[in-house]
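Trainee: sequence and predicted structure, then a few things I'm wondering about:
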Amino acid sequence: MNQTQTSHGAREVTSPDAAVLSRLVKRFRNAKGEEFTAVSGLDLRVRRGEVVAFLGPNGAGKSTTIDMLLGLTQPDEGSVRLFGQAPQGAVRAGRVAAVLQSGGLLPDLTVEATVKMLGSLHSGGDPELCIRRAGITELRHRKVSECSGGEQQRLRFALALLSSPEFLVLDEPTAGMDVAARREFWAAVREDAEQGMTVMFATHYMEEADQFADRVVMVDQGTVVADGSVSSIRAAMSGRTVSALISPQEAQAVASLPIGVRSCTVRGGRHFFDCTDSDALLRVLIDQTSASEIEVAPRSLEEAFMAITHRRRADQEVL
Ligand code: ADP
């Protein structure tokens, strides 16, 4: 803990980290009233100035974690500290701001009126500057209801900037946007992040993590399964998947050979092998089995998750 003078005024005790999430747990009840764990002992430390992608498939627990990070939901167990404070305090002080997927906009107001109205709630907020920083100058006279999804997200970004936050949290901000709109959105955010802002964004687009983040935190089933630089995660994900039409008995025999088969799953009648040595596997399939229609493909993101986690997905049959 350090004593620092912040841009928000008085001297205060603060942490060198933007966010520290410790052993976070959140449980929900499903429609049948059964309890399940959406976030399961998640630990994460975001250092100041980092741009972190929070990457995971749908249902991994990203939004639930972000809601707890922002103090919108209370964890069942564990704790969240933002700049050494409870989340509500840091959000109220304007040190942390969020761009969420929906809500917060009035359809009949213009873009400019929206930013000015919310700007009047933040002493020191500069609506004109935020409009420029978010790249929405040319949209200023358009009604919110006439803005595309991507334009509305850039407006939410402008609103998030009003408090001059040190830490910006974005929950799947580009969900549903086309490629061009996603590129424009990230260009606007990137320019700001380059000024030293801490950014954490949830996404299930690997390429967004790749192009924009310094660090990728992969979540699956409510817990962190990989955490590292973009290049280290890419290296862990590299590899190929071998699939073939083969009998279950032969597939089982191949999987038990000492050639590094980590898992074998069946989808649409094909067996998919996740293997550390795809060349050895190919030789075995060709020379020692009656396998047909053998295919080798780069791993998809989904397969990479499986390779990293070794987890089995419920909709797949496991040997
Ligand atoms: P992600 O953002 O990674 O897609 P979420 O955090 O939205 O994942 O959801 C994690 C799991 O928790 C999902 O199974 C989702 O259906 C469930 N969930 C999220 N919010 C609620 C809620 N309010 N009530 C019940 N289940 C929820």
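Mentor: Perfect, thanks for sending it. Residues are numbered from 1 along each chain as shown.
Trainee: ok, M68 touching S22?
Mentor: No: here M68 does not reach S22: they are 11.1 Å apart, not a contact under CB atoms under 8 Å. (C-beta placed from N, C-alpha, C; glycine too.)
Trainee: now for the two: what residues contact both?
Mentor: Residues touching both M68 and S22 by CB atoms under 8 Å, 6 or more residues apart in numbering: V80.
Trainee: which of these two has more neighbours?
Mentor: With neighbours defined as other CB atoms under 10 Å, M68 and S22 compare such that M68 has more, 24 against 15.
Trainee: what about the more buried one, distance to E138?
Mentor: When CB to CB, to the nearest Å is the yardstick, M68 and E138 sit 37 Å from each other.
Trainee: do E34 as well
Mentor: Computed with CB to CB, the distance linking E34 and E138 is 50 Å.
Trainee: same question, E146
Mentor: Note on E146: its distance to E138, by CB to CB, is 13 Å.
Trainee: and stretch 268-288, average pLDDT?
Mentor: Throughout stretch 268-288, pLDDT has a mean value of 90.
Trainee: gap between that stretch and the chain center?
Mentor: Between the mean C-alpha point of stretch 268-288 and the mean C-alpha point of its chain there is a distance of 32 Å (CA atoms, centre = their mean, to the nearest Å).
Trainee: got a list of contacts for that stretch?
Mentor: Outside of stretch 268-288, the residues within contact range by CB under 8 Å, 6+ apart are 239-246, 248, 251, 254-255, 257, 259-266, 291, 293-294, 296, 303, 306-307.
Trainee: now list the buried members of those.
Mentor: 239-244, 246, 251, 254-255, 259, 261, 263-266, 291, 294, 303, 306-307 (16 or more other CB atoms under 10 Å).
Trainee: so which bits of the stretch 201-319 of the chain are right by the ligand?
Mentor: Of all the residues in the stretch 201-319 of the chain, not one is in contact range of the ligand (CB under 6 Å from any ligand atom).
Trainee: where in the stretch 201-319 of the chain is pLDDT low?
Mentor: For the stretch 201-319 of the chain, applying pLDDT under 70 flags the ranges 234-239, 298-319.
Trainee: for it, what spans make up the helices?
Mentor: Secondary structure of the stretch 201-319 of the chain (DSSP state H, counting those that start in this stretch): helices located at 206-212, 230-237, 248-255, 278-288, 301-309.
Trainee: ditto for the stretch 51-200 of the chain
Mentor: Here the stretch 51-200 of the chain has its helices, by DSSP H, counting those that start in this stretch, at 62-69, 87-92, 111-119, 127-133, 149-161, 179-193.
Trainee: can you list the ones you listed in a markdown table and add distance to F28?
Mentor: Formatted as a markdown table, the entries for the helices of the stretch 51-200 of the chain read as follows, by distance: least, CB to CB, whole Å:
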| stretch | distance to F28 |
| --- | --- |
| helix 62-69 | 8 |
| helix 87-92 | 20 |
| helix 111-119 | 31 |
| helix 127-133 | 35 |
| helix 149-161 | 26 |
| helix 179-193 | 30 |
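Trainee: mind putting those helices in TSV, mean pLDDT and distance to the ligand included?
Mentor: Converted to TSV, the helices of the stretch 51-200 of the chain look like this (pLDDT from 0 to 100; distance: least, CB to the nearest ligand atom, whole Å):
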stretch	mean pLDDT	distance to the ligand
helix 62-69	96	3
helix 87-92	94	16
helix 111-119	94	26
helix 127-133	93	27
helix 149-161	92	16
helix 179-193	83	18
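Trainee: find the closest residue to the ligand in the stretch 101-250 of the chain.
Mentor: Proximity to the ligand, evaluated over the stretch 101-250 of the chain using CB to the nearest ligand atom, is greatest for A202 at 6.3 Å.
Trainee: so who does that residue touch?
Mentor: 54-56, 62-63, 66, 170-172.
Trainee: distance check, it against P16.
Mentor: Taking CB to CB as the measure, A202 and P16 are separated by 24 Å.
Trainee: same thing with A180?
Mentor: Where P16 is concerned, A180 sits at a distance of 38 Å (CB to CB).
Trainee: out of those two, name the residue with the larger neighbour count.
Mentor: Neighbour totals were compared for A180 and P16, and P16 leads with 13 against 9 (other CB under 10 Å).
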